[in-house]
Structure formats: structure tokens, C-alpha cells
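Peer 1: Fold the following and give me the result.
(chains A and B)
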Amino acid sequence: MTTTSTSPGRSFADAPGSGKTVALFAACANDVMFPQAPIATTRLLERLGCRVVFPKKQTCCGQPLVNTGYYDETVPIVRNFAKAFEGYDYVVAPSGSCVGAVRHQHQMLADHAKDPGLRRDVDAVVAATFDISEFLVDVLGVTDVGAYFPHVVTYHPTCHSLRVAHVGDKPMRLLQAVRGITIKDLPDADRCCGFGGTFALKNPDVSVAMAADKARNVASTGAEYLVAGDNLCLLNISGVLGRQQSGIRPIHLVEVLASTEEES
Amino acid sequence: MSKKLPVVTSRGGTVEPPRLTPAPPPGRLIDSPRFPAQAKVELGNPVQRKNLHHAMTTIRDKRARVAGELDNWEDLRLAGEAIKNRTLRHLDTYLVQLEENLTAAGTEVHWARDAEEANRIIVGLVEASLGETREVVKIKSMATQEIDMNEALEEAGIAAWETDLAELIVQLGHDRPSHILVPAIHRNRSEVREIFNAEMGTYGRPAPEGLDTEPKNLAGAARLHLREKFLRSKVAISGANFMVADTGTLVIVESEGNGRMCLTLADTLISVVGIEKIVPSVEDLEVFLQLLPRSSTGERMNPYTSMWTGPASGDGPQTMHVVLIDNGRTQVLSDPKGREALRCIRCSACINVCPVYEKVGGHAYGSVYPGPIGAVLTPQLRGVTSAVDASLPYASTLCGACFDVCPVRIPLPDLLVHMRHKVVEGKKAKGGVHTESAIMKATGRMFSHPRLWAAAVNAGALGGKALTGRVKHFGPLPWPLSKWTNARDVPIPPTESFRAWYARTHHEDGSLK
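Peer 2: Residues are numbered from 1 along each chain as shown, chains lettered A, B, ... in the order given. Just a heads-up that it's a prediction; the model follows:
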């Protein structure tokens, strides 16, 4: 299916985010390697009327360590996360994978530490943590965020956004409401790209074989941009696409959503 | 008992006696190379990759279609999970009840702690029941694969013949199964024809002249080859998909009818079953006989379902034995998290959706159980001390596709992480210095001290500034990053981190500067 959106842009006089303060969880890799995604998250949420704060104590969700089996080393990271985001109504991140890790693993780690106090703090933070696509659709109640992106794209639903954070079809609904966009279906979209965190280093050959499949499917769509909600999956796929000089550019979902006609 | 002994030659040396059945590849599975090493070998087999991709895509689509057509599929999964949880929680009670009811129905029950004890019992039972020929026919069974029973029988001078078509292909091919449901999934039709032509004649009726690669004709050749073995063998060996505690009934689901032949033609039937295969009552089969075929072969119902409760006078095997094997299962049961893997009904849905399995096939896992379930079950049954077992929990990207299809809702990604934790704990207990542990410890420290992390972020931006204008992206980087850059570009860090951008454009309260 190819969909070309023609819905008119909307103004945000009604500002769905007005009165809401969002604590932005940038995610560690974004902070240092891909600042465009948290910058786009900030601009988009501000355009929708939110106040966006950046709690400076934030570091990482701990996923790289816990998923390699290092529980004891992750517990202080969980503690830091709970402290950094304590008391906020909304903690929003441009990463389904990091949100999935917070939601699915922080409570287990608090229990592993046998620390009921930490468990209570974690419960509160987990309940307030959202992927940007969930926050837009579920909390702000918008799918048309007034974006304009006159390009051909294909969307890769990342495994953790889909099967851990359970964002469902929200990213696609948001994309479909972008003006000027053309969305090409990605064959075998829900198959893993082979990144898997330390998997890519521990099993480099299998990882690359999987990434090559994903890159081939992406190239087959004829898209200019590969869109996803997690920059490290994009790094993996576009790393292969780049080596092939495919000319297909990776872009985070929220960067598409933050794009406007004025900027383009 | 006529054990096969080495033959002394005229020159005083010894030679191995001729084998009765095709020799599998040498060596023990537990001594297999680490997963990444064997995976690399398997990736280099383009025919296998094509075969796997084709077969996995087909079977995945079939499963999704038939699971999707039931409105209550999620309810069935929840019921399957609940029944198995209850069974495992009270396994001691159900096992005793099962033994009582099996015995009452005329089936003799034997208990085996491990593979060696199980094989000793089985060889003894077979010896006592053999007819004119020293051979048995087998129904496809994971339990007998797990204990390497065929080789124990071969040692004792007894030929064990696989009668499942795919198992026969594997056996005649001097091969090992690569999948728990379709063990010859790594083979295509042309390869099957070659194996049949080359090997059938050595072990019985040869393949027909001019055999082509039509599936129907290949199955026909196997049927003729097996028929004489079915008719000759006095002993059949099976596993069981389910054992019903309150009736002493065993259940086998199958597709080919070879199982039904074994279950009806032999005089003696020996069933080798893991102790976790119990369901409390016959009513529970309502759930599992829906979950299993839809999850495994992608069929609404499997062609043959055989249920038997002890011998029936004058009909079928008159002597029945059940050998209940532990072989590490009580060890798994002692871990409240890890025991969730014991719910497994061996459907293979997790294997069929696993993108890692699809790339490398089952031989990379060094276990009769490959894929996600193998990666969590094998290291629990065998421990994490061997090189391959310690590498198995890492043989997954944690993409989560396996949990979504598991009919008994085994949280496979969580269990993979749980087993990784056990591997790490094992490493720590052994002591010494490990590069990975040192890196993880330092990373943990950095991520739990915001100032250290902020400094690292700044350093990244400084690196970006130093590189800007010189390179667009990194080419080859030194080990271990070479594992990434050997096949992928890496962008250089940007000159301004997000936190620096935010501080430049925003006040701390979120208002714009």
C-alpha cells in the first residue's frame, strides 16, 4: 500500500499540550550521537503547547547492561533514573526501546535489589514514562501534529517499540497524517534488523546477515528516507545502506513529525 | 546382553565393528563450538540458507493464519499457561498420580535420573523383548534425541530405525536434526533424493530406480523402505506429547501415520517421556490439542492423534513401558523464573519466527533444542559451564517475536536475559579479570554518576569537533568496534550534544532563552 496524505495542516490555537510539563528523557545515545531526535521532540512538544524540561541528572535506562546479564551493575542506574525523573507527570523519550526497558525491566531490577523503597519509586516513574508516539496519541490526543514532509518514506517498526513498549500502530497513524508524505510499505517490516544491542558485537556475523536482509527490503521500496522510532536500529540499518552507497537516509520518526512547511 | 566389542585383526590391531545404522557426525553436542563460531560456518552454506528462508517463511505464514482465525486464541494461550503452571507447581503429586494410573492400566513405569540411567533401562527392556532381529522402530521423539538413545542402542548391538520421514532423512544422511518439528528442514528435495539413492540400499530396501524429486515419490520411497522394518520389528519406542495424570493415558500427535504403525504393529511399546509432559486431566487436552497443531505445523488439526491407556487385550502392543526421565528437569524446576521454560510443548513456533534461527539453522546451537527455547532450556538442563552453553543465551537479539507466538506464553526474551545473568554470575564466581565485566562495571559507574556521564557527553562533542571537516563517517575501527565497522559505517559524533543545545536555548525551567 502506498499512502499519500492530503490532510490540511492545522494550527494549534487549541494547543493540546497547554498546561502540561514534560520531562524529556533524551536517551544516552541520542544525547551524544543523535541530538536531532531530542531536539525535534522538544520543538514538536513546544509547538503543541507543552513546557519541556531536561532533568540534568539523567543518563541511561540501563538496557545495555541488563540485557548483557549485568543486573548488579544496572541497579544504581535504575536508582539514578528514578531520582532524575521523580515527581514528573510525564517522562517522554524518542525511543521505544529505552521506554520499553524502563517499563519492562526497572521493576524487575528493583526487586532483584530487594529494595521495596526503590520499587515504589520505580512504579511511579514507570507509570509516567511514554514513547513520544504514545504521548502524542494517547495523552495529547493528536495524530495530525501539523507536520509537512514532502518525501517518500518507508517505516521500520522497531522490535522493542512494537513488542516491549507496545506502541502499536500509533507511529504509523502519526506518519499518515503528515502532509506531503508518501509512505511505502516495507516488506517483512516486523522482522528484526539484527541490532540487538551487544548482540551486534557478540554475534557480528549473524547480525550483519540480518541487517543485510533489512537493508535489501528497505532499498526495494524506493524510499528516500527510512523512518524508525529508535536511532540505534537506524544506525544499524543505515550503516549497511551507507556502505552500499544506497542514498537512502535514516531519519527518526519525531524528526519527520517536527518538520513544518516553513522550514522546508 | 551382546555388547558390540572391537574386533581383533590378524595383525593384532583392533577395528571398530561395522555399524548397524548410519553413523551420525562424530563428537558430543555439548562439546560443540560457541554459537557465534558455528553460526559463522552455517552462514557460509547458501543452500541451507535458501532452504531455511523458504521453509520458515511458509510455516510462519501458516501459523499466523490459523492462529488468527480463532477468536479465543489469547484465551487458549492463557489457559495453556495456567494449566502448565499448576502442573509444574504440583508436579510431585501429579507424577505419583500418573504412576498409579499407568500401573493400574497395565503399563510398567520406570524412573530415570539422567540420560545414562534412561539408556540403561531402555536397553534392558529392549533386550528382553527382541524378536529374531536386533532392531526397534522409533516414533519421532525429542526425549530420545536428548538422551542420545539411538547411539546407546547401537552400542548394545541394536539398530534403532527412525520412521518419521524427516528423521529418516537425517538418519540416512549421517546428519543431526536441525529443528525439533521438521528435523530435515535444512535439506531440499534434491538433497533428499541423493541421500535416499546413496544410503537406503545399505540399510534395507533400496530407493526405487529413477526416483525423482517429487515429494509424493520421495515419501513413497520412504514408505517402501520403512514397511519391512515396521513388519519385522517386535519393539517400538516412542515419546509422548502429553501424559494424562488422572487416567494414565499417553498422547501422540503426528502427521504421517508412522507413529500409528509403531503403536499398533509392535508387541512391546516403550515410551520415553520427560517428567514435565503431564497434564492433570483429559479435559485439559481440549486446550492443548488446539494450541499444538496450530502453533507447530500451522494446521487446524493434525492428521493423527493417538491416545492409549495401557495394553488392550488382543489389539496392539501387549507389553507397555513408560520411562520417565528427569535429566536436569528438577534442576530447572528449582529456579522459580527459569522453570517457566518447562511449560514448553515442543511446538517450535518460537524457532520458526526467530530471525537468528532462520539465518543459521539448528546445528549452530550444539543442542537437540535450537532457537529461542533451546537457548533458554539447554543451558538450564546442562548448566552454563560448557563453551556452547554459556554462549546460547546470547544467541538472540531479544526481538520478542518468540514470546508473541508461544502457545504457553513462555517469556522467552526475559528468560534469555535471566540466563545471561546466570552466565555473568558464573563468570564472577570463577574470579579473574574479564574485559567485558570490566567494561560493564565502568559503564555502570558512569551511568549512575550523572557528572561522569555529562563529562563523557562533552568529550563526544569535542571528538566530533576535532573530526568535523576531516571525515564524514568512521571506516574500519579497531577491535572490538571492528565487529561493527567491518560491515557498517558509523557517523562521527555531532559537534554539539543535545544537553549542550538545550542549555544554549533553554532555561532550566523549560522557558526559552
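Peer 1: for the residue most central in space within chain A, what are its contacts?
Peer 2: Nearest to the geometric centre of chain A sits residue A:95, at 2.4 Å (Cα atoms, centre = their mean). Contacts for residue A:95 (Cβ atoms under 8 Å, 6 or more residues apart in numbering or on different chains) come out as A:27, A:30, A:37, A:131, A:229-231. Every C-beta, even on glycine, is put in place using the N, C-alpha and C of the backbone.
Peer 1: quick one: which of those is nearest chain B?
Peer 2: Comparing these against chain B with Cβ to the nearest Cβ places residue A:30 closest, at 6.2 Å.
Peer 1: Report the contact partners of residue B:50.
Peer 2: residue B:188.
Peer 1: mind checking pLDDT for it?
Peer 2: Residue B:50 carries a pLDDT value of 95.
Peer 1: Doesn't it belong to a helix?
Peer 2: Yes. According to DSSP: H, G, I helix; E, B strand; the rest coil, residue B:50 belongs to a helix.
Peer 1: Can you tell me how far it is from residue B:166?
Peer 2: 18 Å (Cβ to Cβ, to the nearest Å).
Peer 1: next one: residue B:68
Peer 2: Taking Cβ to Cβ as the measure, residue B:68 falls 26 Å from residue B:166.
Peer 1: When those two are compared, which one has more neighbours?
Peer 2: residue B:166 (22 against 10; other Cβ atoms under 10 Å in any protein chain shown).
Peer 1: Surely that one is in a helix?
Peer 2: Yes. Assessed with three-state DSSP, residue B:166 lies in a helix.
Peer 1: Distance of it relative to chain A?
Peer 2: To chain A, residue B:166 is 25 Å away according to Cβ to the nearest Cβ, to the nearest Å.
Peer 1: so that residue touches residue B:183, yeah?
Peer 2: Yes. Using Cβ atoms under 8 Å, residue B:166 is in contact with residue B:183, at 4.7 Å.
Peer 1: What subset of the contacts of residue A:95 is buried?
Peer 2: Buried subset of the contacts of residue A:95 (neighbour count, 16 or more other Cβ atoms under 10 Å in any protein chain shown): A:27, A:30, A:37, A:131, A:229-231.
Peer 1: which one of those is nearest residue B:387?
Peer 2: Nearest to residue B:387 out of these is residue A:230 (Cβ to Cβ; 32.2 Å).
Peer 1: about what we covered before: need the overlap of contacts for residue B:166 and residue B:183.
Peer 2: B:140, B:177.
Peer 1: Surely residue B:324 is in contact with residue B:275?
Peer 2: Yes. Under the criterion of Cβ under 8 Å, residue B:324 makes contact with residue B:275 at 5.3 Å.
Peer 1: what's the overlap in contacts for these two?
Peer 2: Residues touching both residue B:324 and residue B:275 (Cβ under 8 Å, 6+ apart) are residue B:95.
Peer 1: Name the SS class of residue B:240, please.
Peer 2: coil.
Peer 1: same check, this time on residue B:424
Peer 2: The three-state label given to residue B:424 by three-state DSSP is helix.
Peer 1: Local confidence estimate at it?
Peer 2: Model confidence at residue B:424, expressed as pLDDT, equals 96.
Peer 1: Quick one: residues contacting it.
Peer 2: Residues near residue B:424 by Cβ under 8 Å, 6+ apart: A:68-71, B:437.
Peer 1: and if we set it to 7 Å?
Peer 2: Residues near residue B:424 by Cβ atoms under 7 Å, 6 or more residues apart in numbering or on different chains: A:69-70.
Peer 1: Then residue B:352?
Peer 2: Per Cβ under 7 Å, 6+ apart, neighbours of residue B:352: B:56, B:59-60, B:63.
Peer 1: Looking at these, spot the one nearest chain A.
Peer 2: Nearest member of the contacts of residue B:352 to chain A, counting by Cβ to the nearest Cβ, is residue B:60, at 9.9 Å.
Peer 1: give me the element the closest one is part of.
Peer 2: For residue B:60, the host element (DSSP states H and E) is helix B:46-68.
Peer 1: What is the distance between stretch B:84-104 and the centre of its chain?
Peer 2: The chain centre lies 24 Å from the centre of stretch B:84-104; the measure is Cα atoms, centre = their mean, to the nearest Å.
Peer 1: how about the nearest residue to the residue in the stretch 201-350 of chain B that chain A sits nearest to, chain neighbours excluded?
Peer 2: Going by Cβ to the nearest Cβ, chain A is nearest to residue B:337 of the stretch 201-350 of chain B, at 9.5 Å. Nearest non-adjacent residue to residue B:337, counting by Cβ to Cβ, 6 or more residues apart in numbering or on different chains: residue B:418, 5.2 Å away.
Peer 1: Over to residue A:151?
Peer 2: Once flanking residues are discounted, residue A:151 sits nearest to residue A:224: 5.0 Å by Cβ to Cβ, 6+ apart.
Peer 1: give the contact list for the one you found.
Peer 2: A:151-153, A:248-249.
Peer 1: pLDDT score for it?
Peer 2: Model confidence at residue A:224, expressed as pLDDT, equals 97.
Peer 1: Could you do residue A:202 as well?
Peer 2: pLDDT, read off for residue A:202, is 95.
Peer 1: Could you check how many residues crowd around the residue lying closest to it once chain neighbours are set aside?
Peer 2: Residue nearest to residue A:202 in three dimensions, not counting chain neighbours: residue B:394, with 5.0 Å by Cβ to Cβ, 6+ apart. Per other Cβ under 10 Å, the neighbour tally for residue B:394 reads 25.
Peer 1: what's stretch B:209-222 in contact with?
Peer 2: Stretch B:209-222 has contacts (Cβ under 7 Å, 6+ apart) with B:165, B:168, B:189-190, B:192-193, B:196-197, B:207-208.
Peer 1: ok, now with 8 Å
Peer 2: With contact meaning Cβ under 8 Å, 6+ apart, stretch B:209-222 is reached by B:165, B:168, B:189-190, B:192-193, B:196-197, B:200, B:207-208.
Peer 1: buried ones in that stretch?
Peer 2: By 16+ other Cβ under 10 Å, the buried positions in stretch B:209-222 come out as B:211, B:217-218, B:221-222.
Peer 1: Please state the offset of that stretch from the chain centre?
Peer 2: 28 Å.
Peer 1: Let me know the pLDDT of residue A:13.
Peer 2: pLDDT, residue A:13: 54.
Peer 1: Oops, could you answer that again for residue B:3 instead?
Peer 2: Reported pLDDT for residue B:3: 55.
Peer 1: same question, residue B:478
Peer 2: Note for residue B:478: predicted pLDDT of 81.
Peer 1: Quick one: neighbours of it, just the number.
Peer 2: Residue B:478 has 7 neighbours, counted by other Cβ under 10 Å.
Peer 1: residues touching residue 121, list them.
Peer 2: Because you didn't say which chain, this covers chain A. If you count contacts by Cβ under 8 Å, 6+ apart, residue A:121 has them with A:82-83, A:86, A:110.
Peer 1: wrong chain, I was asking about chain B
Peer 2: Contacts of residue B:121 by Cβ under 8 Å, 6+ apart are B:110, B:112, B:323.
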